[in-house]
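Q: Got a predicted structure plus its sequence, pasted below:
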Amino acid sequence: MLWLGLHLPQLPLEVFQRADPSPAESSLPLAICNRTHVEQASPAAAARGVRIGQQRATALAVAPDLIIRERDVSREQQALHQVAGWTLQFTPRVSLQSPTPDRADAGLLLDIEASLRLFGGLDALLERIRVGLASLGFSARIGCAPTATAAWLFARWQDGLVVR
């Protein structure tokens, strides 16, 4: 077996950025916060000095035009289900790694062994998945391994790690 892990580390941020993907909106500084601290910051927010772990008030002080959104786990789960549905074109064996209110660690596991020849090999399949996810407005870190657990750990650790 060969498993593909897709870790979506920017999902809490991307669910809001996808809502209005216009160029003007993508250049606005956006931060995802819990009640008191920044959990994720867009590149535009980071360029203005917003950092993960920073207090909300400090982030607003360094970037007065910062748009702050509370993390929306329901929206993240809906997006994850959308991505899972999209990945069914590659394999019928898809497992969700759902986010929780205290962990934004979301992603998917796909059993891709039987799909490799159909899609032109591992490199072609990975490229197709990356391009497709980008067109949907998501970025992913990818890991491949003979077991689902290893693929998930590799995807969370380092993008592009493949062990056969």
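A: Great, that's in hand.
Q: State the mean pLDDT of the host helix or strand of residue 60.
A: If you go by DSSP states H and E, residue 60 is part of helix 56-62. Here helix 56-62 scores 96 as its mean pLDDT.
Q: Let's see it as PDB, backbone CA atoms only.
A: Presented in PDB, the C-alpha positions along helix 56-62 are these (Å, rounded to 0.1, in the frame of the first residue of the first chain):
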ATOM      1  CA  ARG A  56      -4.600  40.600  19.600                       C
ATOM      2  CA  ALA A  57      -4.100  44.100  20.900                       C
ATOM      3  CA  THR A  58      -0.400  44.100  20.000                       C
ATOM      4  CA  ALA A  59      -1.200  42.900  16.500                       C
ATOM      5  CA  LEU A  60      -3.700  45.700  16.000                       C
ATOM      6  CA  ALA A  61      -1.100  48.200  17.300                       C
ATOM      7  CA  VAL A  62       1.500  47.100  14.800                       C
END
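Q: How about that helix, which residues are buried there?
A: In terms of neighbour count (16 or more other Cβ atoms under 10 Å), helix 56-62 has its buried residues at 56, 59, 60. In this view, the C-beta of every residue, glycine as well, is placed from N, C-alpha and C.
Q: Low-confidence ranges, the chain, go.
A: Within the chain, the segments meeting pLDDT under 70 span 19-26, 161.
Q: which residues of it fall in strands?
A: Counting by DSSP state E, one finds strands in the chain at the ranges 3-7, 30-33, 38-41, 67-70, 94-97, 107-111, 141-145, 161-162.
Q: hey, which of those is tucked in deepest?
A: Most buried of those, by mean neighbour count (mean count of other Cβ atoms under 10 Å): strand 3-7, with a mean of 26.
Q: picking up where we left off before, hmm, who's touching the helix holding residue 60?
A: Helix 56-62 is contacted from outside by 31, 33, 35-38, 41, 45, 48-51, 66, 68, using Cβ atoms under 8 Å, 6 or more residues apart in numbering.
Q: how about 6 Å then?
A: Contact with helix 56-62 is made by 31, 33, 36, 38, 49, 50, 66, as judged by Cβ atoms under 6 Å, 6 or more residues apart in numbering.
Q: burial count for the last one?
A: Taking other Cβ atoms under 10 Å as the criterion, the count of residues near residue 66 is 23.
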